[in-house]
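[1] Sharing a model prediction with you, sequence too.
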Amino acid sequence: MQVLSRFLAFVLILPVRFYQIVLGPMLPKVCRYHPSCSEYFIEAVQKHGPCVGCAKGVWRICRCGPWTRGGYDPP
């Protein structure tokens, strides 16, 4: 089960890393939170596991927008 969990975490983190390395530098920095939403997603998956971490990451991305104050929000 541990191997499956690690593999699933890797599969979830891989596209986020791709975004950070390839797409992120071409886009303006608009995230209102610290750490950024992509870093938050990665930290949440690593800390809470693939299922809970992914849910927390998606919820964070949904909350990030011009209507929020942002600020420091650790996973």
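    Now that the structure is in, tell me what you want to look at.

[2] My reading is that Val30 lies in a helix. Confirm?
    No - secondary structure assignment (DSSP: H, G, I helix; E, B strand; the rest coil) places Val30 in coil, not in a helix.

[3] Now do the same contact list for it.
    Listed by Cβ atoms under 8 Å, 6 or more residues apart in numbering, the contact set of Val30 is empty. For every residue, glycine as well, the C-beta is placed using N, CA and C.

[4] and the gap between it and Leu8?
    29 Å (Cβ to Cβ, to the nearest Å).

[5] which strands and helices sit next to the lowest-mean-pLDDT helix or strand in the chain?
    Between all helices and strands in the chain, the lowest mean by mean pLDDT, DSSP states H and E belongs to strand 71-72, at a mean of 86. Contact here means 3 or more Cβ pairs under 8 Å, 6 or more residues apart in numbering; DSSP states H and E; on that basis strand 71-72 packs against strand 33-34.

[6] so how far is the strand it packs on from its chain's centroid?
    11 Å (Cα atoms, centre = their mean, to the nearest Å).

[7] Arg69 touches Arg32, doesn't it?
    Yes - taking Cβ atoms under 8 Å as the contact criterion, Arg69 and Arg32 are neighbours in contact, 7.2 Å apart.

[8] Tell me which of the two has more neighbours.
    The neighbour comparison of Arg69 against Arg32 (other Cβ atoms under 10 Å) goes to Arg32, with 17 against 6.

[9] where does the more buried one land on pLDDT?
    pLDDT for Arg32: 85.
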